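*Asks:* got a predicted model here, sequence first, then my questions.
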Amino acid sequence: MHVKRVYRPTVREALAEVRAQLGPDALVLSTELVPAPGWRGWLGTRVVRLTAAAERPEPLVETPPSTPIETPDLSAPRTPVTSRRHRSPDDSARAGVTARLVAAGLPASLAEAVTARLTDAECRGGSDRALRRALSAELEPLSGAPADYERCEIFVGPPGVGKTTTIAKIAAQERVRHRRALNLVSADGFRAGAIEQLRSYAEVLAVPFRAARSAEELQAALTHARNPILVDTPGRSAADGEATRMFEVLCQRRHVRTHLVLAADTSAPVARRVFDRYAPLAPARVVITKLDECESVTPLLSVVREQGLPVSYLTTGQRIPDDLWRATPASLAAALLREPATEDYSCH
């Protein structure tokens, strides 16, 4: 029995979400009116929490009003807040907003920076729009959403983080929304079924596909592609003997952008080891996947901040072409505030 909880503004929306995820035969167990998760709760917002079940051998999953993402630890040295905005020591409203943001899960440095961007009137009023605007501005350095594709977009990372599915989502969104066919290349001949999985996506999307089981086949696939190429790589480090020649072919090409793909629940120590392992490939962007399975993305974003790399895409769930957004300041803010992303946040 698979049990799922969803949080939505109304019962109708909660029922629609449950049926979309569990099917029309889902059994409603309970409905409750509860404070909204995150910072919206302390502003007095209340939502419907609906618990439902369906026959499916999966564990309990909670779905808050949007992507269950916590806040990044932006504790790196930064310009003091007082140098960007004069603050009165007696400004209790401003101090109260900062304290409430910290209580809602934001690190003190980020909470202070966000509050510093608000006017005194906005602090007293607690405007949702003002908070989103201020948070978006603070998250801008983490935004690395690409304006267009390089000749070759390479996706690297440990096994099981969602590289293949991410590539399929990007290609599907481009095909559906812009009628543009991107070339898909699978160089992951080490994982059983990896090539067949990406090939099946390419067939459904009617886009060019090449399988590369050797360095020579990879070189040929990259040379003959006419459109931008999305390359799925094996979940092995650049130092792995089996994959070394593959990565050498990729690193020697021009107009290449490498995305390091990491699951949102990756711990800080593991993330640092992954960055070290893939450092020879010189990743220029980070893709954060499986946000819907993450209790807190703070540890991972702290390491991303340390590495000085921007985030290119955010993903949640397995739906294609959905569940993928460009990591714009607005989409990052929406995720951190537990608000649903909109079409404005999706790819290109």
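*Replies:* Noted; the coordinates are in hand.
*Asks:* show the average pLDDT along stretch 251-270.
*Replies:* Averaging the model's pLDDT scores along stretch 251-270 yields 86.
*Asks:* what's the answer for stretch 160-180, then?
*Replies:* Mean predicted lDDT for stretch 160-180 stands at 87.
*Asks:* also stretch 228-246?
*Replies:* 71.
*Asks:* quick check: end-to-end length of that stretch?
*Replies:* Stretch 228-246 has its terminal residues 19 Å apart, counting by C-alpha to C-alpha, to the nearest Å.
*Asks:* all helices of the stretch 51-200 of the chain, in order?
*Replies:* 81-84, 92-103, 108-116, 120-125, 128-139, 163-178, 194-205 (DSSP state H, counting those that start in this stretch).
*Asks:* distance from the chain centre to the longest one, please.
*Replies:* In terms of C-alpha atoms, centre = their mean, to the nearest Å, the centre of helix 163-178 is found 15 Å from the chain centre.
*Asks:* what helices or strands is that helix leaning on?
*Replies:* On a contact count with 3 or more C-beta pairs under 8 Å, 6 or more residues apart in numbering; DSSP states H and E, helix 163-178 meets strand 152-156, strand 183-186, helix 194-205, strand 229-232, strand 285-289, strand 311-315, strand 324-326. For every residue, glycine as well, the C-beta is placed using N, CA and C.
*Asks:* packing partners for the fifth one?
*Replies:* Read that as strand 285-289. Partner elements for strand 285-289 (3+ C-beta pairs under 8 Å, 6+ apart): helix 163-178, strand 256-263, helix 298-307, strand 311-315.
*Asks:* ditto for the fourth one
*Replies:* Using 3+ C-beta pairs under 8 Å, 6+ apart as the contact definition, the elements that strand 229-232 packs against are strand 152-156, helix 163-178, strand 183-186, helix 215-224.
*Asks:* of these, which is nearest Pro269?
*Replies:* strand 152-156 (19.7 Å; C-beta to C-beta).
*Asks:* which helices and strands does the closest one pack with?
*Replies:* helix 163-178, strand 229-232, helix 244-251, strand 256-263.
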